[in-house]
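In: got a predicted structure here, sequence first:
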Amino acid sequence: MKMYSSIKKGSSRLSFLKTKLFWLLILIGTIILGLFFPWLISRVSAFVLYPFHVTSTWVKSSDGPLPLYLRSRAALVSEVEAIRKEQASQTGTQLSIQRLLEENMQLRALTKSGPIGERLIARVLDRPNILPNDLLQIDQGSSQGVVVGAPVYNGIDGVLGLVVHVTDKYSFVDLFTSPGFLSTAYILGPNVFAPIEGVGGGIARVKLPQGVGIRVGQLVILPSISSAIYGEIVSVQNEPTQPEQYGYIAPSQAINSLLYVTVGLESILSRDIVTFESEMREQIRKAGNIDFDNDVSTSTIINSNEANIAE
Amino acid sequence: MFYLYYFQGYELVLIGILIDGYYQSFYEWPVFSLSLLGVVILADLIKPYLLMYNGHHEMV
């Protein structure tokens, strides 16, 4: 059995304490020395930490592949963070818009005001599963004031399509989801105009270039009528190798469950450029008594009209 | 604290002095060095209360 000497143990402990106190005093003395001579400590530190300083400078400013990779990675990480913050704020803004729109619809329904007075109420006679090509037949016709191009609504804000054929007693409505339907829509969220085309089967799609941030749930509205909504984006098809992306839109209510719709009394069909130009020529002819051939371009007409005004 | 339980920790104060000197903190107050020195002294003071003795009265 090993024997321990109490004198030896006490002496060893004293020596240990002395060593500890010695090193503590050295460190405290170094700190006090540094307070009196800060330049000395700074120079010693700069000398000892020179490898660290060189490495740090190399990472921060070198054009080598590794520092470039590290810097670009740090920049990308910060960019991702910034984009996430921006996305979060955009989501909040979009939610606010949706909440305000829903609140607006509820208030309009409560006060029974708004554009509902400028519309006819029509009953749906036939639905898309009976009629081909997503057509809807309603029981109001030209005798009640329905015109071709009039928008048809579901409720107050939901646009279903446009009247394409009118008889005395009934009309046909081309749904915006019908194949071949083309119009212009405005997407809330990215706040961009986009062409909308019907796909069929109760689905339409908007076509946008890559880079525009469309997401599921964003509202798509008919820009020519205030607060008229086509529906919301229910799916996004985005393939990075393709130049365009698609957002698929479904109406807020299933078409087959519609019984009553409302029909606007005015057509919203836009005039084509040929009609517009011919009407403008007619007006200029009446205003300035200008005689020109049919193949004169619009700019020539305007220039000659300006010349007449100047004379 | 695990490190200070098994080692004295004076080298930490030395590193703190070097870092304070590199960033020229000695022109004001070397907060890093003083903090590390305080932590080392505190760990040294409370270490005896954390030690255990076995059946042969040996400190482990």
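Out: The structure has been received and is ready for your questions.

In: who in the stretch 1-150 of chain A is up against chain B?
Out: A:20, A:23-24, A:27-28, A:30-31, A:34-35, A:38, A:41-42, A:44-46, A:48-49, A:52-53 (C-beta under 8 Å from any C-beta of the partner chain). C-beta: built from backbone N, CA, C; applies to glycine.

In: let's go with 7 Å and repeat that
Out: A:20, A:23, A:27, A:30-31, A:34-35, A:38, A:41-42, A:44-46, A:48-49 (C-beta under 7 Å from any C-beta of the partner chain).

In: ChimeraX command to pick out the buried ones of those residues?
Out: Restricted to buried positions by 16 or more other C-beta atoms under 10 Å in any protein chain shown, the ChimeraX selection for these reads:
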select /A:23,27,30,31,34,38,41,42,44,45,49
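
In: of the residues of the stretch 1-150 of chain A next to chain B, which pair is most distant in space?
Out: Largest separation among these by C-beta to C-beta: A:Lys20 and A:Ala46, giving 29.9 Å.

In: for chain A, what spans make up the helices?
Out: Along chain A, counting by DSSP state H, helices occupy A:6-36, A:38-48, A:50-61, A:65-111, A:273-288, A:298-310.

In: OK, contacts around the residue nearest the centre of chain A?
Out: Nearest residue to the geometric centre of chain A (C-alpha atoms, centre = their mean): A:Pro190, 2.3 Å. If a contact means C-beta atoms under 7 Å, 6 or more residues apart in numbering or on different chains, then A:Pro190 has A:212-214 as its contacts.

In: now do the contacts for B:Tyr3.
Out: B:Gly9.

In: for chain B, what is the nearest residue in the stretch 201-311 of chain A?
Out: Nearest residue of the stretch 201-311 of chain A to chain B (C-beta to the nearest C-beta) works out as A:Gly213 at 43.1 Å.

In: what is the burial count for that residue?
Out: 16 (other C-beta atoms under 10 Å in any protein chain shown).

In: which non-adjacent residue is nearest it?
Out: A:Pro190 (5.2 Å; C-beta to C-beta, 6 or more residues apart in numbering or on different chains).

In: ok so, going back, out of the helices of chain A, nearest to A:Arg205?
Out: Nearest of those (C-beta to C-beta): helix A:65-111, 19.7 Å.

In: any idea how far the closest one is from the chain center?
Out: 9 Å (C-alpha atoms, centre = their mean, to the nearest Å).

In: report the angle between that helix and helix A:50-61.
Out: Per axes from the mean of the first three to the mean of the last three C-alpha atoms, to 10 degrees, the angle that helix A:65-111 makes with helix A:50-61 is 50 degrees.

In: the residue nearest to A:Ile138 when sequence neighbours are not counted and A:Thr167, how far apart?
Out: Spatial nearest neighbour of A:Ile138, excluding adjacent residues (C-beta to C-beta, 6+ apart): A:Ala122 at 3.9 Å. Noted for A:Ala122: a distance of 13 Å to A:Thr167, by C-beta to C-beta, to the nearest Å.

In: pull the contacting residues for the residue nearest to A:Ile196 when sequence neighbours are not counted.
Out: Nearest residue to A:Ile196, sequence neighbours excluded (C-beta to C-beta, 6+ apart): A:Ala185, at 4.0 Å. A:Ala185 sits next to A:194, A:196, A:206, A:220-222, A:230 when contact means C-beta under 7 Å, 6+ apart.

In: what of A:Val216?
Out: A:233-236.

In: now for the residues you listed, which pair is the farthest apart?
Out: A:Val234 and A:Val236 (8.9 Å).

In: in chain A, which residue sits closest to chain B?
Out: A:Ser45 (3.0 Å).

In: quick check: which element contains the closest residue to that residue other than its chain neighbours?
Out: Nearest residue to A:Ser45, sequence neighbours excluded (C-beta to C-beta, 6+ apart): B:Gly21, at 3.0 Å. Assigned by DSSP states H and E, B:Gly21 belongs to helix B:10-22.

In: in that helix, which residues are buried?
Out: Residues of helix B:10-22 classed as buried by neighbour count (16+ other C-beta under 10 Å): B:10, B:12-14, B:16-22.

In: how far away from the center of its chain is it?
Out: On C-alpha atoms, centre = their mean, the centre of helix B:10-22 falls 12 Å from the chain's centre.

In: which strand residues bridge A:Ala122?
Out: A:Val261 (DSSP bridges).
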